[in-house]
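Asks: coordinates for the following, if possible.
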Amino acid sequence: MAVDVTDRPPFDVTTVGEVMLRMSVPAGTRLDQAAHLDLTPGGAETNLTGALARLGRRCAWVSSLPANALGRLAANHLRAAGINLEGVVWRKQGRMGAYYLEFATPPRPTQAIYDRAGSCASQMGPDDVNWPYLLHTRLLHLSGITPALSPSCRALTAEAIRRAHAAGVRVSFDINFRQLLWSAEEAAIVLTPLIQDVDLLLCSFRDAVRVLGCAGTPEQALEGLAALSHARYIVLTLGVEGMIAWDGARMLRQPALPVGIVDRLGAGDALAAGVIHGLLDDDFALGLRYGAALAALALSQHGDMISTTPEEVAALLVNESGGLLR
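Replies: Alright, predicted model coming up:
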């Protein structure tokens with residue numbers, strides 16, 4: 001029987017955010033001794049929509065890129081992942097943000113040096129957005145990184161949430177605190193109003209405590225997030241312990257999958273993508289399992305954006321112990 005899609009929005013998920021060029025050295029190599037750098041694009045919102053597009057979701061990303069070779073390089077990577085870029089504002093003047101990454105093993109931590117001030121994305125404001133395009137979607141995803149970039153991006157984020165609520169579009173929001181962009185105190189002042197009544201709130205336990213003041217045990221922090229935001233669904237990530245979540249009626253737990261870690265960056269975005277993937281099918285509990293699977297895949301691959309297939313993720317869900325598939 002044919003399905004009537006006449007009134008179906010063209011996108012499952014749309015988002016607004018910045019993509020940067022990531023230049024990294026392998027573990028064991030110091031940046032000040034590097035002879036070569038691996039170049040890949042990465043950004044919270046593109047990582048998420050790229051993962052969802054790999055799973056067959058229709059995704060669009062709104063941002064601004066410089067009309068030069070570096071902007072085209074990033075765009076080529078995003079298009080290859082299946083992300084629609086028709087909402088990108090191309091600027092003749094401006095630059096892409098970048099960051100330099102030095103992987104390390106204990107006792108040294110992995111370190112990042114950011115060079116993102118004045119990027120094209122940070123100059124975006126509400127007037128740069130094609131609102132009918134952005135909001136012709138089933139769900140709008142935003143993160144706490146974008147309002148930290150500039151006052152104009154802060155206004156854009158607030159306007160996007162306001163318009164989405166008015167249009168009846170579901171909103172997901174990932175706190176994604178970046179201490180190199182702003183203080184925890186400033187982030188709390190800005191983000192608390194933005195997360196009111198969102199449909200899905202994602203937050204790490206660490207950010208719940210240091211940014212939003214939801215202290216105590218993870219369970220108490222989850223309850224604090226619910227009281228603070230009134231979000232319909234909440235996911236609190238716990239690193240190697242997985243995540244706990246609230247669906248409006250009960251607390252759910254999802255352990256992390258065992259994984260050999262190759263690259264830590266992008267795992268949280270992949271986890272959020274999995275949760276949204278399940279939520280789009282009205283199965284939040286399954287979304288938590290998708291999130292754990294996608295996070296494990298992200299940790300096992302180089303680069304911020306994961307490469308996978310629906311079949312690979314389905315196999316992981318069947319064989320969550322990580323053993324040999326025959």
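Asks: let's see the pLDDT reported for the residue lying closest to residue 256 once chain neighbours are set aside.
Replies: Leaving out its chain neighbours, the residue that sits closest to residue 256 by Cβ to Cβ, 6 or more residues apart in numbering is residue 242, at 4.2 Å. To be clear about C-beta, it is placed using only N, CA and C from the backbone, and glycine gets the same treatment. Looking at residue 242, its pLDDT reads 95.
Asks: correct me, but residue 242 touches residue 253?
Replies: Yes: proximity of residue 242 to residue 253 meets the contact threshold set by Cβ atoms under 8 Å, at 7.0 Å.
Asks: more crowded one of those two?
Replies: Using other Cβ atoms under 10 Å as the criterion, residue 242 and residue 253 rank with residue 242 on top: 18 against 13.
Asks: please list all residues in contact with that one.
Replies: Residues in contact with residue 242 (Cβ atoms under 8 Å, 6 or more residues apart in numbering) are 253-256, 292.
Asks: just the buried residues of those residues.
Replies: For the contacts of residue 242, a neighbour count by 16 or more other Cβ atoms under 10 Å gives the buried set as 254, 256, 292.
Asks: which one of the residues you listed is nearest to residue 238?
Replies: Using Cβ to Cβ, residue 256 comes nearest to residue 238 of these, at 8.1 Å.
Asks: the closest one: what secondary structure?
Replies: At residue 256, secondary structure determined by DSSP: H, G, I helix; E, B strand; the rest coil is coil.
Asks: now residue 264
Replies: Assigned by three-state DSSP, the conformation of residue 264 is coil.
Asks: distance of it from residue 29?
Replies: Note on residue 264: its distance to residue 29, by Cβ to Cβ, to the nearest Å, is 16 Å.
Asks: which regions of the stretch 1-150 of the chain sit below the pLDDT cut-off?
Replies: The stretch 1-150 of the chain contains residues with pLDDT under 70 at 1-7.
Asks: hmm, try it at 50
Replies: Counting by pLDDT under 50, the stretch 1-150 of the chain shows low-confidence ranges at 1-6.
Asks: how about the helices in it?
Replies: With helices called from DSSP state H, counting those that start in this stretch, the stretch 1-150 of the chain shows them at 44-54, 69-81, 131-135, 146-149.
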